[in-house]
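Visitor: Below is the sequence, then the predicted model.
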Amino acid sequence: MDTEKGEAVTEGEELARAQSKASLAVMMANFPDGGKWAWLSLLGATLIAFSTFGMTNSFGVYQTYYASHQLSASTPSDIAWIGSFQLFCMFSGGTVAGRIFDSYGPKWLLRVGSTMHFLAFILLPECKVYWQFFLCQGVLFGIGIATVFFPSMGCLNHYFLKRRAMAIGIMVGGSSLGGLVLPLFTRMLRSDMANNYFEYYECPVLGIRMVGKNSRLH
């Protein structure tokens with residue numbers, strides 16, 4: 001009796017494995033792994049990494065500027081808290097953004113996050129005291145990053161299977177490129193403009209970039 005039960009369990013397990021392999025083979029055969037929308041989504045995700053992680057990598061430029069201008073009365077440690085909390089909001093916000101992405105998809109996350117991203121830099125030149133900078137660049141911008149960066153990475157998993165590692169590598173490369181280009185761009189604008197309003201000139205660039213990304217990720 002026990003032998004018959006053992007054989008039945010074994011047969012059931014083998015059947016489950018066979019069905020699992022069959023369903024996996026069907027999924028791999030039907031996976032896009034390329035095509036127009038896959039490559040456009042990769043381009044959009046790379047641009048998102050460029051303007052989100054790229055901006056967080058540029059915070060050293062902002063810290064130096066704040067220390068000699070608007071926040072000269074604050075300690076370097078206090079100013080560094082803005083950039084640190086920005087990263088905290090980004091990574092902790094990813095847990096919420098990921099759940100929303102799984103349930104509803106990326107479109108509204110990208111729209112809301114892009115708007116927050118844009119508003120943060122529109123409002124930044126109006127900041128006068130420490131808590132305003134903290135809320136604007138630390139909180140608003142940090143949450144905005146979370147709502148666009150993680151959904152964009154999730155989109156790649158829906159378009160690439162065999163080439164997934166390559167796609168994510170290209171996306172991550174966008175953040176490194178942003179970390180090289182955006183500090184130079186920000187420093188150039190800061191040195192050429194008066195009245196501490198150089199952020200206004202960054203807003204159209206960021207806004208156009210974010211609108212373009214929203215049209216590519218589906």
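Guide: Noted; the coordinates are in hand.
Visitor: So, low pLDDT: which residues of this structure?
Guide: Scanning the chain for pLDDT under 70 picks out 1-32, 189-218.
Visitor: contacting residues for the residue nearest the centre of it?
Guide: Nearest to the geometric centre of the chain sits residue 149, at 1.5 Å (Cα atoms, centre = their mean). By Cβ atoms under 8 Å, 6 or more residues apart in numbering, the contact list for residue 149 reads 48-49, 52-53, 90, 94. For glycine as for every other residue, the C-beta is placed from the backbone atoms N, C-alpha and C.
Visitor: can you give me the helices for the protein?
Guide: 2-30, 36-57, 59-68, 76-104, 107-123, 130-133, 141-159, 164-192, 199-216 (DSSP state H).
Visitor: Point out the most buried one among those.
Guide: By mean neighbour count, with neighbours taken as mean count of other Cβ atoms under 10 Å, helix 141-159 ranks first of these at a mean of 23.
Visitor: and the angle for that helix with helix 36-57?
Guide: 150 degrees (axes from the mean of the first three to the mean of the last three Cα atoms, to 10 degrees).
Visitor: Pull the distance from helix 141-159 to the chain's centre.
Guide: Chain-centre distance of helix 141-159: 4 Å, with Cα atoms, centre = their mean, to the nearest Å.
Visitor: what is the orientation angle of that helix with helix 107-123?
Guide: 150 degrees.
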